[in-house]
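1. Kindly generate the corresponding structure for this input.
(one chain, ligands or ions: 2)
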Amino acid sequence: MTAKSAAAAARATVYGYPRQGPNRELKKAIEGYWKGRVTAEALRATAVELRAARWRRLAESGIDEVPTGDFSYYDHVLDTSVMVGAVPARHREAVADDPLDGYFAMARGTRTVAPLEMTKWFDTNYHYLVPELGSDTVFAADSAKQVGELREALALGLTARPVLVGPVTYLLLAKPAPGVAADFEPLTLLDRLLPVYAEVLADLRAAGAEWAQLDEPALVQDRTPAELNAAARAYRELGALGDRPKLLVASYFGRLGDALPVLAKAPVDGLAMDFTGPAAGDVDALAAVGGLPGKRLVAGVVDGRNVWVNDLERSLSTLGTLLGLADRVDVSASCSLLHVPLDTGRERDIDPQVLRWLAFADQKTVEIATLARALTSGTDSVQAELAANRADLASRANSPITRDPAVRARAAAVGDAHTRRSQPYPDRAAAQRAHLRLPLLPTTTIGSFPQTSELRTARADLRAGRIDTARYEERVRSEIREVIGFQEKAGLDVLVHGEAERNDMVQYFAEQLTGYLATQQGWVQSYGTRYVRPPILAGDVSRPEPMTVAWTGYARSLTDRPVKGMLTGPVTMLAWSFVRDDQPLADTARQVALALRDEVDDLEADGTSVIQVDEPALRETLPLRAADHAAYLRWATEAFRLTTAGVRPETQIHTHMCYAEFGDIVRAIDDLDADVISLEAARSHMQVARELAAHGYPREAGPGVYDIHSPRVPSTTEVAELLRAGLRAIPAERLWVNPDCGLKTRGWPETRASLENLVAAAEQVRAEL
Ligand code: GLN
Ligand code: ZN
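-> Ligands and ions are numbered 1, 2, ... in the order given. You can find the predicted model right below:
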């Protein structure tokens with residue numbers, strides 16, 4: 001431990017905090033407002049209360065400087081669009097009529113007007129609303145939300161720092177508005193946008209802000225020299241303003257790379273940087289650019305996006321090094337705490353010893369405060385905390401949950417042979433044709449059928465003890481009978497059991513695998529009022545018992561047609577969970593793959609000859625920097641092959657992914673060595689099929705011909721048209737006919753009609769061959 005006490009007191013701060021409230025009050029209030037049960041006034045009052053409660057809670061845990069403006073009714077990027085006046089033309093009327101309803105119209109659309117597009121916030125599972133800009137965009141400052149929230153916090157007697165999405169990141173996250181040329185670059189609007197930021201900053205200064213934080217996470221991605229120049233120009237101009245708060249430019253989710261010297265040289269007053277995980281090396285990078293003389297450094301040393309207790313001594317040693325590199329060092333999490341659940345104290349089902357390994361937002365704020373105290377008053381002042389932390393870390397490291405010798409031995413013994421099918425693809429394809437005897441253009445679905453409210457009620461009843469397991473399972477079996485009966489009648493070729501038993505495609509498996517923890521209250525915002533409870537990959541993973549074999553087997557017993565088994569792949573099992581931080585992701589993936597391999601092998605042994613392993617997260621898990629892609633794709637594809645390679649040549653392995661653009665990973669998709677892939681394609685009119693063909697993809701593929709994202713029923717003619725488009729790219733021997741994705745969010749009426757049309761279209765096009 002090298003931290004000496006700093007001259008100035010180190011402040012503890014965060015960039016953001018979960019928005020929902022301890023009992024998801026915000027979600028309830030907003031959804032109530034949408035349904036007309038909560039008035040706008042009541043919604044505002046709830047929001048004011050929740051904000052005050054969260055600031056008080058932060059202050060009580062020892063946070064010296066609280067964030068403002070990070071709260072949102074829906075999304076902070078949408079809030080930024082409002083702040084700069086970038087309201088799309090189609091929403092202007094609604095916003096003028098009623099700003100609150102207009103805001104929600106931008107977020108969710110109305111019966112007549114489409115919402116903004118939603119996409120993932122960097123490599124997190126939070127989704128933001130994509131700004132739509134064009135050369136005719138006229139920005140105008142609206143600082144009301146930022147100023148209002150700052151005033152609320154100041155009125156509580158707190159030191160507060162407004163947090164804004166920075167102008168460069170805002171523009172880099174935007175896309176050309178509808179009707180604007182696709183090659184329009186929103187960053188060209190920077191000169192128009194900066195005066196708006198200047199105005200907002202002046203308003204914040206007038207309202208009492210000493211500091212303002214501008215978030216520029218886009219700078220941890222690969223940026224062109226022109227983009228870096230734009231960043232330099234932006235902060236030269238904002239720095240030169242006379243009437244402004246001190247500026248803190250924040251980056252997170254990775255290392256700054258070439259952007260570090262740009263920001264270090266900028267005439268701003270401080271930087272907030274991520275020093276966790278892959279960004280730990282930025283300590284050296286910062287030293288290499290000569291540190292931040294005369295500036296404030298906010299050191300993100302507590303992982304803001306994962307759930308593990310911090311290694312306080314290691315953080316103190318990092319902070320000790322950083323103390324020599326800036327005028328003043330403050331302590332924070334690596335990013336907003338938006339990405340983690342609120343409080344471990346609310347968990348009742350996790351072993352108390354294991355719970356001590358975990359830190360959610362409220363535990364992280366205490367860690368940050370402890371670290372700041374150690375910097376200010378020396379480590380003697382935190383001896384008790386350090387001792388408790390050492391004990392928790394040791395308990396985690398030495399627990400049989402964390403280290404299962406059998407799992408480790410098995411993973412260590414994995415060799416190349418385990419990740420390779422016994423025959424090359426062309427030979428397998430022939431064996432599968434002989435075995436499955438499917439028609440040309442075989443029809444199938446992606447797995448799930450409508451999750452009816454009766455099914456959800458049955459699951460809730462089971463959880464609450466109102467029905468027993470036998471009753472519940474009979475409910476699921478009856479659903480399977482229904483689903484199989486319909487598919488036979490409709491004339492589909494490869495059937496599915498419908499996934500009636502699954503609450504969620506990751507959670508269902510996580511609940512049955514050793515090594516995963518489930519939370520009761522670990523809600524994290526996915527988008528808007530949608531919150532999810534990601535499982536926690538805490539220990540070594542194994543599969544004590546088959547997870548899907550009985551359901552798939554039951555479905556098979558009801559029909560003579562092939563039934564496709566359905567599993568979630570290893571990459572997706574990691575991507576939608578909190579992952580271990582004490583071993584490389586690749587190691588965790590390998591363990592999950594081995595557990596899933598057991599399931600694949602058992603399905604095959606039980607008589608299932610078609611098995612689909614879904615990997616919708618393969619592409620979204622791509623690291624932010626291109627330099628890291630190859631290493632990621634190597635372990636990710638290996639994990640998929642390890643899951644699936646143990647089967648006989650005549651067993652057909654399918655995979656499924658939910659996106660339409662993947663030119664950058666076609667090689668990796670080929671490396672999965674699956675026999676059949678299904679992808680989203682309906683909305684892009686089979687663009688995927690043409691891309692696969694352009695890359696010489698040699699395997700069977702099912703580009704989706706039915707857009708399942710809306711209740712609209714595609715006509716037979718439409719589906720047949722899409723199929724013909726598919727056939728122009730992929731030969732009939734290798735083309736499958738299926739929807740874009742699973743049907744769990746659809747209702748039965750449109751599902752029935754759409755699939756009937758899909759089968760009719762396949763028959764029609766087959767007749768033309
Ligand atoms: N098999 C899953 C389903 O049909 C796949 C879901 C997904 O791709 N997201 O629901
Ligand atoms: Zn999908």
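2. Get me the contact residues on the protein for ligand 2.
-> The interface of the chain toward ligand 2, taken as Cβ under 5 Å from the ion, is made up of 616, 658, 741. C-beta here means a position set from N, CA and C on the backbone, and glycine is covered the same way.
3. Top of the residues you listed by number of neighbours, please.
-> C741 (27 neighbours; other Cβ atoms under 10 Å).
4. what's that one in contact with, if anything?
-> 446, 656, 658, 680, 704, 708-709 (Cβ atoms under 8 Å, 6 or more residues apart in numbering).
5. That one falls within a strand, correct?
-> No - counting by DSSP: H, G, I helix; E, B strand; the rest coil, C741 is not found in a strand; it is coil.
6. And it, how far from P534?
-> 20 Å (Cβ to Cβ, to the nearest Å).
7. Find the closest residue to ligand 1 in the stretch 101-250 of the chain.
-> N125 (13.0 Å; Cβ to the nearest ligand atom).
8. Pull the contacting residues for that residue.
-> Shown in contact with N125 (Cβ under 8 Å, 6+ apart): 339, 524, 526, 532, 534, 575-576.
9. I'd say V14 and D64 touch.
-> No - V14 lies out of contact with D64 (Cβ atoms under 8 Å); the separation is 10.4 Å.
10. Taking the stretch 451-600 of the chain, what residue is nearest to ligand 2?
-> Using Cβ to the ion, the closest approach of the stretch 451-600 of the chain to ligand 2 is made by M505 at 9.2 Å.
11. An error on my part: the question was meant for the stretch 1-150 of the chain.
-> K120 (14.9 Å).
12. Near the residue in the chain that ligand 1 sits nearest to, how many other residues are there?
-> Nearest to ligand 1 in the chain, going by Cβ to the nearest ligand atom, is G742, at a distance of 2.1 Å. G742 has 25 neighbours, counted by other Cβ under 10 Å.
13. surely it meets I446?
-> Yes - with contact defined as Cβ under 8 Å, G742 reaches I446; the gap is 4.6 Å.
14. For the residue of the chain closest to ligand 1, give its distance to Y659.
-> For G742, the distance to Y659 equals 14 Å [Cβ to Cβ].
15. So is stretch 518-535 next to ligand 1?
-> No - judged by Cβ under 6 Å from any ligand atom, stretch 518-535 stays clear of ligand 1, getting no closer than 13.1 Å.
16. tell me the SS of the residue nearest the centre of the chain?
-> Taking Cα atoms, centre = their mean as the criterion, N125 is the residue nearest the geometric centre of the chain, at 1.7 Å. Using three-state DSSP, the structure places N125 in coil.
17. Let me know the pLDDT of it.
-> The score at N125 is 96. That number is its pLDDT.
18. Restricting the selection to alpha carbons, write stretch 332-344 to CSV.
-> What follows is stretch 332-344, C-alpha atoms only, in CSV (Å, rounded to 0.1, in the frame of the first residue of the first chain):
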residue,chain,number,x,y,z
SER,A,332,-15.4,7.3,-8.5
ALA,A,333,-16.8,4.2,-10.2
SER,A,334,-15.5,3.5,-13.7
CYS,A,335,-18.9,4.6,-15.2
SER,A,336,-22.4,5.5,-14.1
LEU,A,337,-23.9,3.0,-11.6
LEU,A,338,-27.0,2.8,-13.9
HIS,A,339,-25.7,-0.5,-15.0
VAL,A,340,-25.8,-2.4,-11.7
PRO,A,341,-28.7,-3.2,-9.3
LEU,A,342,-29.4,-1.0,-6.4
ASP,A,343,-28.6,-2.8,-3.1
THR,A,344,-27.4,-6.3,-2.1
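19. low pLDDT regions in the chain?
-> Regions of the chain meeting the criterion pLDDT under 70 cover residues 1-7.
20. Could you pick out the residues of it near ligand 1 for me?
-> 446-448, 499, 505, 566, 614, 616, 656, 658, 741-742, 744.
21. Among those residues, which lie within strands?
-> 566, 614, 656 (DSSP state E).
22. Give me the neighbour count for the last one.
-> Residue neighbour count, defined by other Cβ under 10 Å, stands at 25 for H656.
23. What of the first one?
-> For M566, the tally of surrounding residues (other Cβ under 10 Å) stands at 28.
24. Show the contacting residues for it.
-> Contacts of M566 (Cβ under 8 Å, 6+ apart): 447, 496-497, 499, 548, 552, 611-612, 614.
25. what does A226 give?
-> So A226 contacts L187 (Cβ under 8 Å, 6+ apart).
26. just checking, next helix/strand downstream of the helix or strand where it lies?
-> For A226, the enclosing helix or strand under DSSP states H and E is helix 225-240. Scanning forward in sequence from helix 225-240 by DSSP H and E, the next helix or strand is strand 246-250.
27. Please name every helix or strand in contact with the strand ranked longest in the chain.
-> Longest strand in the chain, counting residues (DSSP E): strand 292-302. Secondary-structure packing of strand 292-302 (3 or more Cβ pairs under 8 Å, 6 or more residues apart in numbering; DSSP states H and E): strand 246-250, strand 270-274, helix 312-323, strand 326-333, helix 361-377.
28. Which of the ones you listed sits closest to S478?
-> helix 361-377 (42.2 Å; Cβ to Cβ).
29. now the helix or strand following that closest one against helix 361-377, angle please.
-> Heading C-terminal from helix 361-377, the first helix or strand you meet, by DSSP H and E, is helix 383-398. Between the axes of helix 383-398 and helix 361-377, defined by axes from the mean of the first three to the mean of the last three Cα atoms, to 10 degrees, the angle is 130 degrees.
30. what comes up buried for helix 383-398?
-> Neighbour counts over helix 383-398 (16 or more other Cβ atoms under 10 Å) mark 385-386, 389, 392-393, 395-396 as buried.
31. Apart from its neighbours in sequence, what residue is nearest P293?
-> D327 (6.7 Å; Cβ to Cβ, 6 or more residues apart in numbering).
32. The one you found touches K295, doesn't it?
-> Yes - using Cβ under 8 Å, D327 makes contact with K295 at a distance of 5.6 Å.
33. Comparing these two, which residue is more hemmed in?
-> Taking other Cβ under 10 Å, D327 and K295 do not tie; K295 has more neighbours (20 against 16).
34. who touches the more buried one in this structure?
-> 268-271, 326-328.
35. show me what contacts the residue nearest to it when sequence neighbours are not counted?
-> The shortest distance from K295 to any residue other than its chain neighbours is 5.1 Å, reached at G270 (Cβ to Cβ, 6+ apart). For G270, the contact set (Cβ under 8 Å, 6+ apart) comprises 211, 246-249, 292, 295-298, 326.
36. I'm done for today, thanks for sticking with me.
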